[in-house]
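**Q** 3D, please:
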Amino acid sequence: MITANLRVNQLSSEAFRWYLDYLDAIDRRDLDAYAARLSPHCAMQFNNYPPVASRDAIVGMLRQSWRDFASLEHDLLNVYGTDSNFMLEALNHYVRNDGKTVSVRAVALTDRGEDGLVVSVRIYSDVSPLFA
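**A** Reported below is the predicted structural model:
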């Protein structure tokens, strides 16, 4: 994960550390560590696709979709919002299975419940260059 390009961070130190761990689990493709941060009833939506509802369904979807690329690294640009409801603007650097590197801009809106677990995440990004 790259944080050197982070311009704005509106989260508290504690929430930002939590979020870095959350993103690190994604970058490491550690589904167990990632799932531990999701509410059992979490919903995840990519662009205009229907939401994926439940932690188990999200893990299954990610397990499948992460096969489409060799690695991912988040390059954080801005984090706006509160410790419970926030938005990340980032560049996502992918290494495709053929070894080619592709970077795409992404925005993720995340909501955490009172227990600190993610209840909703909406991700907006054009990943078509990843499959070109």
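
**Q** in which helix or strand would I find the residue nearest the centre of the chain?
**A** Taking C-alpha atoms, centre = their mean, the centroid of the chain lies closest to Leu23, which sits 5.9 Å from it. Using DSSP states H and E, Leu23 sits within helix 13-27.

**Q** who's in contact with the residue nearest to the centre of the chain?
**A** Applying C-beta atoms under 8 Å, 6 or more residues apart in numbering to Leu23 gives the contacts Met1, His74, Leu76, Leu88. (Glycine included, C-beta is placed from N, CA and C.)

**Q** What is the burial count for Ile26?
**A** Using other C-beta atoms under 10 Å, Ile26 has 20 other residues around it.

**Q** go on, Val104?
**A** Applying other C-beta under 10 Å, I find that Val104 has 15 neighbouring residues.

**Q** centre of the chain versus the lowest-mean-pLDDT helix or strand in the chain, how much separation?
**A** Lowest mean confidence among the helices and strands of the chain (mean pLDDT, DSSP states H and E): helix 128-131, at a mean of 90. Chain-centre distance of helix 128-131: 17 Å, with C-alpha atoms, centre = their mean, to the nearest Å.

**Q** now do stretch 120-132
**A** Distance of stretch 120-132 from the chain centroid (C-alpha atoms, centre = their mean) equals 11 Å.

**Q** count of neighbours near Arg17?
**A** Neighbourhood size, Arg17 [other C-beta under 10 Å]: 11.

**Q** returning to what we had before: Gln10: which of the contacts of Leu23 is nearest?
**A** Gln10 has its nearest neighbour among the contacts of Leu23 in Leu88, at 10.9 Å by C-beta to C-beta.

**Q** which ones are touching Gly60?
**A** Neighbours of Gly60 in contact, by C-beta under 8 Å, 6+ apart: none.

**Q** that's a helix at it, yeah?
**A** Yes - per DSSP: H, G, I helix; E, B strand; the rest coil, Gly60 lies within a helix segment.

**Q** Alright, I will stop here.
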